[in-house]
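In: sequence and computational prediction follow.
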Amino acid sequence: INNVSHSLSTAALTRQMWLRTLTLTLSLVSLIDGAILGRSKPSPAPPAQAEDPPPAIPMAQTFTTTTSQSLAKEFREGIRKQTLDELEARGQSITIMVVGDTGVGKSSLLANLFHQELDDAPKGPTMKVTERVLNFDLGGVPFSARLIDSPGYGDSLDLTRSLRLVTDYIDFTFARTLASERRARRRPASEREAHMAVDVVLYFFSPHRCKAVDMHFLRKLKGRASIVPVLAKADTMTVDELASFRTLVGEALEESKIAVAHPPVAVICSPAGAAPRGRNYPWGVALSEDGAHSELPLLRRFLLIDGL
């Protein structure tokens, strides 16, 4: 019995010594870990609820911001250089189509926009859709303007035919451009066709008249190209008449839910060879390039500078 008791006491003592050694070892490991990580004692257990993240280090934040600005400037310069290189190589272009009643000066406006006499312009009414391309060299940057003239809808007894001529042409040019862009193997940029789709439609309203057929025509054009309403022959209306007519057209467009790229512009077109540019009357000259008389300069700026 004494031997058994001695054996049990020895086992209990050995177990206590082993547990004490293990505890000392764990404490030593914890102290070493704390010394390495800069802590004087073991880290406490994480709280039950997550705490707010520590604030960002100011120096790191400032460094990151400076680096981002530097990269942004570098990227911006690279994009600008690539854009300018492509612009000098391929140039820029715009396609303008004029639509409206007969005899409102559609062909004259095309000539007045670029101060170019259109030698191939028909002497009488335009009877079919015609294309003209004007090429310019803008200080080393090539620029081309494709001008599309359409027959006045008053030249045909069949209004549907006049409407279809315009809409079919716009749809055809868009489909042609889309097919060119979707080719699996497109030609090099230098050999690629110029942009052919219609960018903007200048729709002409006859003086003093905003007809139901105009709204019908514009509803068919809606969604096919950007639309800019043009109040033709502004010199045939007084200041008050022009203001009332502008309001009437604007309300009709809003009522018909026709979105336009620019509010209605009132223009005066100069005949060929007139100096100064404008319309001569016994009481004076209505100047087409004077903003107080005509909004032709405003329209030109919108098409070729602000809206290009």
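Out: That came in fine, so what should we check first?
In: CA only for contacts and neighbour counts going forward, please
Out: Noted.
In: in the chain, which spans are strands?
Out: For the chain, strands defined by DSSP state E occupy the ranges 92-100, 130-138, 141-149, 200-205, 226-231, 265-266, 278-281, 284-287.
In: now the last one, how far from the centre of its chain.
Out: Pointing back at strand 284-287 there. With CA atoms, centre = their mean, to the nearest Å as the basis, strand 284-287 stands 37 Å off its chain's centre.
In: so how far does stretch 275-282 reach from one end to the other?
Out: 15 Å (CA to CA, to the nearest Å).
In: figure out how far it is from the centre of its chain.
Out: Here stretch 275-282 is found 38 Å from its chain centre; the criterion is CA atoms, centre = their mean.
In: tell me the buried residues in it?
Out: Buried residues in stretch 275-282, counted by 16 or more other CA atoms under 10 Å: 277-279.
In: over to stretch 85-95?
Out: For stretch 85-95, a neighbour-count test (16+ other CA under 10 Å) marks 88, 90-95 as buried.
In: now for the residues you listed: which two are most distant?
Out: Farthest-apart pair in those is Glu88 and Thr95; separation 19.2 Å (CA to CA).
In: residue ranges with poor pLDDT in this protein?
Out: Scanning the chain for pLDDT under 70 picks out 1-67, 119-127, 154-158, 186-195, 308.
In: could you pull out the helices for it?
Out: Secondary structure of the chain (DSSP state H): helices located at 2-37, 58-90, 106-113, 159-181, 212-221, 239-255, 296-301.
In: among the strands of the chain, which comes closest to Ser107?
Out: The closest of the strands of the chain to Ser107 is strand 141-149. By CA to CA, the value is 6.6 Å.
In: what packs against the closest one?
Out: Packing partners of strand 141-149 (3 or more CA pairs under 8 Å, 6 or more residues apart in numbering; DSSP states H and E): helix 58-90, strand 92-100, helix 106-113, strand 130-138.
In: and those: which comes nearest Met215?
Out: Evaluated with CA to CA, these place strand 92-100 nearest to Met215, the distance being 11.1 Å.
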